[in-house]
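Enquirer: Just need the structure, nothing else, for what follows:
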Amino acid sequence: MNLVRKYPAWSVLGSFIIGWIIGLVLFGWYIWPVEWTDATPGQLAPQYQEAWVRAVAELYAFNGNAEMVQQALGGWAGDATGDQVACTMAAGVTDPAERARLEAVASVVNGGAGCSGVITATPVGGGETGDAEVGGETAADEEGGAPGWLLPAFMLLLLLGLVVAAILWVLNSRHDAAEASVSVEPVFDESDDVYARPAAAATAVQASRSDDVTTVPIARFHTTYTYGNDAYDDSFSIENASSEFLGECGVGIAETIGGDVPKKVTALEIWLFDKKDIRTITKVVMSDHAFFDDALKAKLAPKGEPVLAREGETIVLETASLIINAEITEMLYGNDNDRPPQSYFDRITIALSAWAKENGGSTYSASSDVDDLMDF
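Expert: Numbers count the residues shown, from 1 in each chain. Next comes the predicted model:
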């Protein structure tokens, strides 16, 4: 994607975040959650520690096995020791017999000190230890799964990631479509054979060729044909900043309608000569009548590609090392009852802008020259 190439750092960061979310939440909590084995009582949740201590105290009151008490409550790996839990429970019960059993096992664990001087742990729920409330996270641990809020949070993050990916895809598609829509070739509507290229399309050509063409035109020319100028044939020399001759361009009369004097010009030819190219590129700017007259159009076809004259239209001519944008800035048809409407020009002004390719004409193909030479 173009956006990935344009913003590589953000793309890497985004990929890392998405991968982290999927790996931790989806796989770490739901698909392959962590499973605890061989846990000691000190690693259990507080309510299970209390249940364990109560069972040991009742068993010790029955059989008096101090060694069993040491094995069950001694050497805990956790925040609280067995005697601390026993003393915490003893401080929270009202039954004297149960308090005595708990203090007895605490005394066995800590060598007879009992609960005097023992720092007790805080009960889980703040009430009696046997009926302590279970918090949301502990309840999740009790069930052996993830906290209840993780799945909605994961789904929300996944949805946001999909939305961002969709937005990036749409932006990239529009960018690609915009690049694909720029072409130096004319576009025709096959349904009615109407010339359909928008005027802005040709103007965008030089912008799309930023790697090959200089940003600022090396030359600009204006030429105007007016009715009655039967010898109209303007040509201009194209030179670079060092006054080196690169080629020529110009506009002249291509075809007239009828035998009247002054001539009624129905088509003009715009041409470009490049000293590095053996071809002279020509395009024929035709009046509305000439463009839709099949016989006249066929007659002018050998002179160059036909273009319908429209004010604001830009015609592009390209050779091995030069590009010309010829924009029709002003156009007015003549009015003669003896001739078809919109059949000849009364006035037409064309602005020529010349660009030099910085790569010296890498797009030039010799095979195309052979095809042009064989097409006679």
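
Enquirer: show me where the stretch 201-350 of the chain has strands.
Expert: 219-226, 233-239, 245-256, 265-274, 280-286, 305-308, 314-318, 322-333, 345-356 (DSSP state E, counting those that start in this stretch).

Enquirer: Buried deepest among the ones you listed, which one?
Expert: Counting by mean count of other CB atoms under 10 Å, strand 265-274 has the highest mean neighbour count of these, with a mean of 24. All C-beta spots, glycine's among them, are computed from the backbone N, C-alpha and C.

Enquirer: and the angle from that strand to strand 233-239?
Expert: Counting by axes from the mean of the first three to the mean of the last three CA atoms, to 10 degrees, strand 265-274 lies at 20 degrees to strand 233-239.

Enquirer: that older thread, export the strands of the stretch 201-350 of the chain to a markdown table and tack on mean pLDDT and distance to Val170?
Expert: Shown next, in a markdown table, are those (pLDDT from 0 to 100; distance: least, CB to CB, whole Å):
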| stretch | mean pLDDT | distance to Val170 |
| --- | --- | --- |
| strand 219-226 | 94 | 39 |
| strand 233-239 | 94 | 42 |
| strand 245-256 | 94 | 41 |
| strand 265-274 | 95 | 39 |
| strand 280-286 | 94 | 37 |
| strand 305-308 | 94 | 34 |
| strand 314-318 | 94 | 29 |
| strand 322-333 | 95 | 31 |
| strand 345-356 | 95 | 33 |
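
Enquirer: Those strands: which one's closest to Cys87?
Expert: Nearest to Cys87 among the strands of the stretch 201-350 of the chain is strand 345-356; the distance by CB to CB comes to 90.7 Å.

Enquirer: how far off strand 245-256 does that closest one point, in degrees?
Expert: 160 degrees.

Enquirer: from here on, count from 4
Expert: With 4 as the first residue, the last one maps to strand 348-359.

Enquirer: Paired strands for strand 348-359, with orientation please.
Expert: Counting by DSSP bridges, the strands paired with strand 348-359 are strand 222-229 (antiparallel), strand 325-336 (antiparallel).

Enquirer: How far off centre is the first one?
Expert: By that I understand strand 222-229. Centre-to-centre, strand 222-229 and its host chain are 43 Å apart (CA atoms, centre = their mean, to the nearest Å).

Enquirer: Tell me the spacing between Gln73 and Lys279.
Expert: According to CB to CB, to the nearest Å, Gln73 and Lys279 sit 99 Å apart.

Enquirer: cool, and Thr332?
Expert: 29 Å.

Enquirer: Equivalent analysis for Gly115, please.
Expert: 107 Å.

Enquirer: and the residue nearest to Glu272 when sequence neighbours are not counted, what is it in contact with?
Expert: Residue nearest to Glu272 in three dimensions, not counting chain neighbours: Ala257, with 3.9 Å by CB to CB, 6 or more residues apart in numbering. Taking CB atoms under 8 Å, 6 or more residues apart in numbering, we find Ala257 in contact with 270-272, 287-288, 303, 306.

Enquirer: nearest to Glu53, of those residues?
Expert: Nearest to Glu53 among the contacts of Ala257, with distances taken as CB to CB, is Val288, at 96.2 Å.

Enquirer: Could you tell me which residues make contact with the closest one?
Expert: 257, 270-273, 310, 312, 318, 331, 351, 353.

Enquirer: With Trp274 instead?
Expert: Counted by CB under 8 Å, 6+ apart, Trp274 has contacts 252-255, 283-286, 307, 320.

Enquirer: burial count for the nearest residue to Pro343 once chain neighbours are set aside?
Expert: Among residues not flanking Pro343 along the chain, His292 sits closest, at 4.8 Å (CB to CB, 6+ apart). If you count neighbours by other CB atoms under 10 Å, His292 ends up with 18.

Enquirer: Over to the one 10 residues further on?
Expert: Around Lys302 there are 13 other residues, counting by other CB under 10 Å.

Enquirer: same question, the one 3 residues further on
Expert: Other residues within reach of Pro305 by the criterion other CB under 10 Å amount to 10.

Enquirer: Could you do the one 10 residues further on as well?
Expert: The local packing of Gly315 (other CB under 10 Å) involves 13 other residues.

Enquirer: do the same with Ser176
Expert: Ser176 has 11 nearby residues by other CB under 10 Å.

Enquirer: quick one: which helix or strand includes it?
Expert: helix 153-184 (DSSP states H and E).
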